[in-house]
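Visitor: next comes the sequence, and after it the predicted model I'd like to discuss.
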Amino acid sequence: MILLACAVEDELALWKPREDVSALVTGVGPVEASAAIATALAHRPYRLVVNAGIAGAFDGAAAIGDGVVVADDRMELALESGAPLALPRGSTLVDSAHSDPRLVALLAEKGFAALRGVTVSRVTSTDATARRLAKDGAQVESMEGFAALRAAARAGVAAIEVRGISNRCGDREKSGWNFAAGISGLQRLLAALFELV
């Protein structure tokens, strides 16, 4: 079985149910995503988690309406200044997670961009924040990606994050927000992905 997880039901509006796929609406944000996915994985064996949804793209990374694969996703777990946290000796900080590299490569061969993600708990709404996140390597932003990939990794299940681009990250008035275009891009990518799995 495959677990197809999205934050809100409307992200799967164009999805046609399949016998070998369980759809899960997790709720919005990293805590809801990780809790819902961890619970699902504890109750049933899955061979793959697909985290699907819309995302914002940083300038030059992707266009509104594109479908993209998030090859790796990170979450800011650091001091506000960007300096690393001082952890007790022996402690480790996990702030990045990765999509299944084989599936990423196969989707890239089909023409879908493989990008770097950042998971946020607040949607970027200023150009200053967008520049800071992009400077750290972010190309797309979501509110669940890292959490979904990490929950799957902890359970030992392969996972992939896929997004439809719904807006430009930065000043909200210039973001070009278009939910329908994001869903269309996501649907094209899901169609390609489910031909492979």
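Guide: Thanks, I have the structure now. Numbers count the residues shown, from 1 in each chain.
Visitor: in this structure, which residue is most central in space?
Guide: The chain has Gly145 as the residue nearest its centroid, 3.1 Å off, counting by CA atoms, centre = their mean.
Visitor: and the gap between that one and Ala138?
Guide: 11 Å (CB to CB, to the nearest Å). To be clear about C-beta, it is placed using only N, CA and C from the backbone, and glycine gets the same treatment.
Visitor: and if you look at Glu173?
Guide: Distance from Glu173 to Ala138, by CB to CB: 21 Å.
Visitor: between those two, who's got more neighbours?
Guide: Ala138 (25 against 8; other CB atoms under 10 Å).
Visitor: just checking, that one touches Val118?
Guide: Yes: the pair Ala138 and Val118 passes the contact test of CB atoms under 8 Å, sitting 3.8 Å apart.
Visitor: thinking again about what came up before, which residues are common contacts for Gly145 and Ala138?
Guide: Gly117 (CB atoms under 8 Å, 6 or more residues apart in numbering).
Visitor: so which residues of this structure form helices?
Guide: Assigned by DSSP state H, the helices in the chain fall at 30-43, 101-109, 127-135, 145-155, 179-196.
Visitor: lowest average confidence across those, which one?
Guide: Ranked on mean pLDDT, the bottom entry among the helices of the chain is helix 127-135, at a mean of 89.
Visitor: report the buried residues of that one.
Guide: Using 16 or more other CB atoms under 10 Å as the test for burial, helix 127-135 gives Thr129, Ala130, Leu133, Ala134.
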